[in-house]
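Chemist: Pasting a predicted model and its sequence here:
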Amino acid sequence: MKRHVLLVGAPGSGKTTVVRRTIDALAQRGAAAFGFWTSEIRVAGRRVGFDIESLAGARRVMAHVDFTHGPAVSRYRVDVDAVDAVAVGEIARALREGAGGAVLVMDEIGKMEMLSPRLCDAVMRALDGPVRILATAMSKPHPFVNAVKHRPDVGLVDVTRATRDLLPAMLVEGLTRAGSCGG
């Protein structure tokens, strides 16, 4: 397994499910883990926005249909400051406190998150830093995501409904193997 793992797959394939199960399994092994994820905000069954939350417990509304300021992605406006506060803050914490065996989880590197130049810079610093990375990313072509996908230290794992239940155990094994930085 390569040093860093990028999960890709169609929407609804289970990338976030794999990430959350992997985080739980890492915790059971006592592995140091850092990271952030996004989740839907629903009102009366309708998606109205997205939260961004860190493993340290920081949480902000990242995007919402009622926001009147910020860049637009689809019908949402994005609060780039929320991305910076939560995601960039958590990456900085991982780089500051994470030892060589720590894992940084990023769910996800997507359109909304990439509106933050600070996040893009932080992701690149993390890829070059001491922590191992497990991240999810959009499948569609995007210059920043393509640059991450083509790094020699990043392995791509395609998540499907058929593979999502098997992946967490495989990922934990690969991410926690001492000295495992090869391809």
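Modeler: Here it is on my side, so go on.

Chemist: going forward, measure contacts between C-alpha atoms and count neighbours the same way
Modeler: Fine.

Chemist: Please list the outside residues in contact with the host helix or strand of Arg42.
Modeler: Secondary structure from DSSP states H and E places Arg42 in strand 33-43. By C-alpha atoms under 8 Å, 6 or more residues apart in numbering, the residues outside strand 33-43 that reach it are 23, 26-27, 47-56, 86-87, 90-91, 93-94, 98, 102-108.

Chemist: which element follows it toward the C-terminus?
Modeler: Toward the C-terminus from strand 33-43 - assigned by DSSP H and E - lies strand 46-54.

Chemist: residues of that next one that come out buried?
Modeler: By neighbour count with 16 or more other C-alpha atoms under 10 Å, strand 46-54 contains the buried residues Val48, Gly49, Phe50, Asp51, Ile52, Glu53, Ser54.

Chemist: ok, back up a step: quick one: mean pLDDT for the strand holding Arg42?
Modeler: On average, the pLDDT along strand 33-43 is 95.

Chemist: Tell me which residue is most central in the protein.
Modeler: Nearest to the mean C-alpha position of the chain, by C-alpha atoms, centre = their mean, lies Met106 at 1.7 Å.

Chemist: where's that one, which helix or strand?
Modeler: With DSSP H and E as the test, Met106 turns up in strand 103-109.

Chemist: strands paired with that strand, and their directions?
Modeler: Strand pairing for strand 103-109, determined by DSSP bridges: strand 33-43 (parallel), strand 132-137 (parallel).

Chemist: what is the rounded mean pLDDT of the following helix or strand past that strand?
Modeler: Per DSSP H and E, the first helix or strand lying C-terminal to strand 103-109 is helix 117-127. Across helix 117-127, pLDDT averages out at 97.

Chemist: For helix 117-127, buried residues please.
Modeler: Under the neighbour-count criterion of 16+ other C-alpha under 10 Å, helix 117-127 has Arg118, Leu119, Cys120, Ala122, Val123, Ala126, Leu127 buried.

Chemist: how much space between Phe36 and Leu119?
Modeler: Per C-alpha to C-alpha, to the nearest Å, Phe36 is found 12 Å from Leu119.

Chemist: Sweet, I'm off.
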